[in-house]
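Colleague: here is a sequence together with a model predicted from it:
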Amino acid sequence: QVQLVESGGGLVQAGGSLRLSCTASGRTFSSYGLGWFRQAPGKEREFVASIAWDGGSTYYVDVVKGRFTISRDNAKNTVYLQMNSLKPEDTAVYYCAARRYRSGSYYNWDYWGKGTLVTVSS
C-alpha cells in the first residue's frame, strides 16, 4: 500500500511558477512509477506527466512540455512537479498517482492523493 499526500498548490499569476510535491508512505517507494494528473472545473481528469520507477524516463502531455518538469527523490519518498510559465488554462486540481513496477511492467495507476489546487490568474 502507498499513501500519497500532495502539497504546494496555490494562487499564482500567469507567467509565474509553482513547485508541487507529493510525499509517499511505505518502504517500497522506489518500486513505483509516479505521475501527476489534473482535473480542471467541468473537465475530466487528464494525464500531465510521469516518471519511471528509477527516474530513467519521463513523459509529458504536449501542452506542458518545456514548461513542467517532473522529478523524484527516492531517499525522501517524494515526487515533484516544477511548473513554470503558468497559464490560466493550467488551473486545476493536481493529483499525484503511483503505479507499481514489477517484472518489467507497470500495474494500473492504483494509488492516488487527494489533490492540491492550482489557480493561475490572468
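Modeller: Thanks, I have it.
Colleague: need the contact partners of the lowest-mean-pLDDT helix or strand in the chain.
Modeller: Across the helices and strands of the chain, mean pLDDT, DSSP states H and E gives its lowest value to strand 105-106, namely a mean of 91. Strand 105-106 is touched from outside by 33, 99-100, with contacts defined as Cβ atoms under 8 Å, 6 or more residues apart in numbering. Where you see a C-beta, it was placed from the backbone N, CA and C, and this is true even at glycine.
Colleague: who wins on neighbours among these?
Modeller: Neighbour tally across the contacts of strand 105-106 (other Cβ atoms under 10 Å): the maximum, 22 neighbours, falls on Gly33.
Colleague: hey, what's that one bridged with?
Modeller: Beta-bridge pairing of Gly33 under DSSP bridges involves Arg99.
Colleague: related to what we said a few turns ago, of the contacts of strand 105-106, just say which sits nearest to Val93.
Modeller: Arg99 (19.6 Å; Cβ to Cβ).
Colleague: got the contacts of strand 105-106 as JSON lines, with pLDDT and distance to Asp62 columns?
Modeller: What follows is those, written out as JSON lines (pLDDT from 0 to 100; distance: Cβ to Cβ, whole Å):
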{"residue": "Gly33", "pLDDT": "95", "distance to Asp62": "20"}
{"residue": "Arg99", "pLDDT": "95", "distance to Asp62": "21"}
{"residue": "Arg100", "pLDDT": "92", "distance to Asp62": "27"}
